[in-house]
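>>> output the structure for:
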Amino acid sequence: MCKDNNPITDYEQLLDEELKDPSTAASHIQSAINDTTSPTQSRQILITIEDVARAKGLSWEQLREKAGFSKKDLTDIISEIRSMTIIELARILDALDMKMVIQPGVEGDDRLSTALFPKQLRQPDKE
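Residues are numbered from 1 along each chain as shown. Next up, the predicted model:
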């Protein structure tokens with residue numbers, strides 16, 4: 001446990017340690033994206049992105065700059081004034097050193113068919 005015996009701080013520290021592993025971080029975000037049954041899915045995706053950014057030592061402001069967002073765009077997304085587009089999600093994932101891959105779904109599985117991978121698992125870009 002940490003010095004202040006705060007369970008929330010303890011949880012965040014443990015989560016940050018886990019999310020330093022690129023595959024675990026990708027799985028964390030992918031779980032939120034694939035959970036289409038949650039009425040708060042958009043919020044959950046933002047929370048998991050924030051978790052991964054925090055584990056990488058990035059604030060929302062730093063992530064915004066790295067992803068090339070305006071302050072207004074990121075504020076609107078975080079405040080849930082509007083949903084982020086797939087392009088914006090891809091830019092955020094790129095800023096977190098991840099990529100999004102679309103793959104065929106399995107019949108009967110109503111979850112989104114996406115996969116996230118750390119950049120080090122990416123195939124070299126073809127020129």
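
>>> buried set for whichever helix or strand residue 24 is part of?
Per DSSP states H and E: residue 24 is located in helix 22-34. Within helix 22-34, the residues scored as buried using 16 or more other CB atoms under 10 Å are 22, 25-26, 28-30, 32-34. Where you see a C-beta, it was placed from the backbone N, CA and C, and this is true even at glycine.

>>> got these as CSV, with distance to residue 49 and pLDDT columns?
As requested, the buried residues of helix 22-34 are exported to CSV (distance: CB to CB, whole Å; pLDDT from 0 to 100):
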residue, distance to residue 49, pLDDT
22, 15, 92
25, 10, 93
26, 12, 92
28, 9, 91
29, 6, 92
30, 12, 90
32, 8, 89
33, 10, 87
34, 14, 84
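
>>> from those, pick the one nearest residue 98.
residue 26 (5.5 Å; CB to CB).

>>> from residue 61, how far out is the closest one?
23 Å (CB to CB, to the nearest Å).

>>> which one's the longest helix in this protein?
Longest helix of the chain, by residue count under DSSP state H: helix 41-55.

>>> for the helix or strand just after that helix, buried residues please.
Moving toward the C-terminus from helix 41-55, the next helix or strand (DSSP H and E) is helix 60-67. For helix 60-67, the neighbour count (16+ other CB under 10 Å) marks 60, 63-64, 66-67 as buried.

>>> picking up where we left off before, pick the one among the buried residues of helix 22-34 closest to residue 93.
Nearest to residue 93 among those, with distances taken as CB to CB, is residue 29, at 7.4 Å.

>>> this completes my enquiry, with thanks.
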